[in-house]
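> here is a sequence together with a model predicted from it:
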Amino acid sequence: MKKKRKTVIIIVTSVAVLLLAFVAVNVWTLLSQQKEMTPLDNQEIIPGVFAIRNGFVNIFLIKQGDSYIAIDAGMSASQTRDGLYELGISADEQNFIEVE
């Protein structure tokens, strides 16, 4: 019985170590890739197309008449609102669903 219990403990410990190593490698890879990303600052890229820096990504807006179409929701609703304010775009002029 003791030998069986020891075997189970070794297997469970081995699986836990492998799982922890897998998570650590994936987190390190994600953080490394984020450091390489270079989002644009808040600006009008070309007439009618705007970029808002949102963490390590951008949200893009296309002016359509009196409103804007958002492409990509970015990472942070507050950074999106701040970027809209900086560019002089009213939240009432947006045509998109905000997802947090």
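Perfect, thanks for sending it.

> what helix or strand does the residue nearest to Asp41 when sequence neighbours are not counted sit in?
Spatial nearest neighbour of Asp41, excluding adjacent residues (Cβ to Cβ, 6 or more residues apart in numbering): Arg53 at 5.6 Å. For every residue, glycine as well, the C-beta is placed using N, CA and C. Per DSSP states H and E: Arg53 is located in strand 49-54.

> so what are the sheet partners of that strand and their directions?
strand 43-46 (antiparallel), strand 57-64 (antiparallel) (DSSP bridges).

> got the buried residues for the longest one?
Within strand 57-64, the residues that qualify as buried by neighbour count (16 or more other Cβ atoms under 10 Å) are Val57, Asn58, Ile59, Phe60, Leu61.

> still on that earlier bit, among the strands paired with strand 49-54, which is nearest Val12?
Of all the strands paired with strand 49-54, strand 57-64 sits nearest to Val12, with 39.0 Å by Cβ to Cβ.

> so the residue nearest the centre of the chain: helix, strand or coil?
Of all residues in the chain, the one closest to the mean position by Cα atoms, centre = their mean is Met75, 4.3 Å from it. For Met75, the secondary-structure state derived from DSSP: H, G, I helix; E, B strand; the rest coil is coil.

> that one against Val57, yeah?
Yes: counting by Cβ atoms under 8 Å, Met75 touches Val57, with 5.9 Å between them.
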